[in-house]
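*Asks:* model this:
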Amino acid sequence: MRTNFLDLSKRKFLCFGAAALASLKLINLEGAAHAMAKKQDASKLITAADLERVERMAQKALDVQEVQNIWSRHAYYDAAGLNREQIRDIWAQHQPDVAFIQPTEMRIGLDNIMAYYCDMWDQTRKTRLQAIRKLFPEIPDDPKYDLAGWMKMHTNTTPNIQIAGDGKTAKGSWESPGFITEFMGGDFMAAWIWERYFVDFIKEDGNWKIWHANLLVQIMTPYEKSWVAGSMEQVKGAAGAPGAGGPGGNAPEGGARGAGGAPAGGGGMSAMPSGAEPAKTEMRCQTYAVNKLCGLLTPGIPRQPEPYYTFSETHSYGPDMLESWARIDGKTIKK
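*Replies:* Prediction:
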């Protein structure tokens with residue numbers, strides 16, 4: 001029989017955690033000296049209920065770390081352009097409503113996510129290589145060079161992770177300062193991009209997976225221009241800088257290219273593969289604009305994670321987010 005070393009490590013972690021916390025309990029009950037004086041059997045001071053409670057605490061701590069690790073792996077896969085590997089390895093494979101959500105639209109279902117995030121990305125990489133070789137003909141006509149000059153980084157800060165009391169689901173939110181470097185319009189451009197993430201996770205076959213991911217652009221602006229200046233240009237009717245994600249530096253409909261893993265970096269965006277369903281539209285976040293409520297003040301911005309026992313008791317970050325608000329708040333949602 002093969003030993004599952006990962007499971008073994010988890011058991012050791014839980015045992016050591018239980019022993020350490022139980023030791024603290026012994027010390028705090030009446031003091032070690034008083035316990036010795038009465039010659040009490042230490043084992044009798046720890047009940048089965050105590051051990052069960054400590055084990056739950058240790059498991060929750062382990063789950064929080066594993067959820068953080070999954071979202072950190074998302075950042076790595078995305079920055080490396082490994083979109084298909086990411087969906088295969090860390091996204092839910094058995095949930096019909098698995099969702100990839102950007103500021104104004106969402107892709108629902110694994111097939112639609114694969115078509116947008118993987119198939120279109122693969123085609124974009126091919127067109128990118130041919131476009132960049134026009135500027136740098138010395139670059140070999142070899143697929144391994146299709147991301148030459150491309151770089152992006154989405155960091156994960158201020159985590160707020162809540163594990164369901166039943167251990168089956170989890171929720172997390174992060175702020176993400178970052179940048180992207182793209183090849184657009186025959187030249188390179190660099191831009192700052194800051195996002196907020198709101199994510200539901202679910203356990204499949206004992207492993208945490210991404211279930212509903214909201215990747216919401218807060219600001220996106222060329223390196224040399226502030227987001228305020230870009231928005232003022234838009235309001236005044238001036239054209240935004242090329243590659244700023246839209247006039248005035250705001251993200252285009254559906255989210256900025258390169259934002260949160262959206263296909264980016266080509267000499268031109270590839271068309272959606274045939275058979276892919278159109279994205280569902282819903283305003284989840286207004287990218288910065290001088291004349292609008294934006295960021296966390298957007299009326300439809302997802303809520304922060306709060307402690308909960310089972311998923312039906314909390315709000316969803318998925319396609320049914322507004323319906324879950326109505327259920328929790330006891331209100332009728334307006335369509």
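*Asks:* can we go C-alpha only for contacts and neighbour counts from here?
*Replies:* Noted.
*Asks:* after the longest helix along the chain, next one along is what?
*Replies:* Longest helix of the chain, by residue count under DSSP state H: helix 48-79. Proceeding C-terminally, helix 48-79 gives way to helix 83-90 as the next helix or strand, assigned by DSSP states H and E.
*Asks:* model confidence over stretch 149-158, on average?
*Replies:* Across stretch 149-158, pLDDT averages out at 96.
*Asks:* Quick check: end-to-end length of that stretch?
*Replies:* For stretch 149-158, the first-to-last residue distance is 30 Å (CA to CA, to the nearest Å).
*Asks:* Please compute how far that stretch lies from its chain's middle.
*Replies:* A distance of 12 Å separates the centroid of the chain from that of stretch 149-158, by CA atoms, centre = their mean, to the nearest Å.
*Asks:* what does stretch 76-92 give?
*Replies:* The chain centre lies 11 Å from the centre of stretch 76-92; the measure is CA atoms, centre = their mean.
*Asks:* The helix or strand that contains T181 - contacts with which helices or strands?
*Replies:* T181 is part of strand 169-184, with elements assigned from DSSP H and E. Packing partners of strand 169-184 (3 or more CA pairs under 8 Å, 6 or more residues apart in numbering; DSSP states H and E): strand 151-154, strand 157-163, strand 187-204.
*Asks:* Show me what counts as buried in the longest helix of the chain.
*Replies:* Buried positions in helix 48-79, judged by neighbour count with 16 or more other CA atoms under 10 Å: 51, 54-60, 63-64, 67-68, 70-71, 74-79.
*Asks:* other SSEs contacting it?
*Replies:* Going by 3+ CA pairs under 8 Å, 6+ apart, helix 48-79 lies up against helix 5-30, helix 83-90, strand 151-154, strand 157-163, strand 207-222.
*Asks:* Check which helices and strands the last one sits against.
*Replies:* If I follow you right, that is strand 207-222. Going by 3+ CA pairs under 8 Å, 6+ apart, strand 207-222 lies up against helix 48-79, helix 83-90, strand 99-101, strand 187-204, helix 227-235.
*Asks:* right, so of those, which gets closest to T281?
*Replies:* Closest to T281 of those is strand 99-101 (CA to CA; 9.6 Å).
*Asks:* Least confident of the helices and strands packed on helix 48-79, on average?
*Replies:* The stretch with the lowest mean pLDDT among these is helix 5-30, at a mean of 50.
*Asks:* Can you give me the pLDDT of K236?
*Replies:* Model confidence at K236 (pLDDT) stands at 89.
*Asks:* circling back: need the helices and strands packed on strand 207-222 in CSV (columns: distance to D166).
*Replies:* Converted to CSV, the helices and strands packed on strand 207-222 look like this (distance: least, CA to CA, whole Å):
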stretch, distance to D166
helix 48-79, 10
helix 83-90, 21
strand 99-101, 23
strand 187-204, 11
helix 227-235, 43
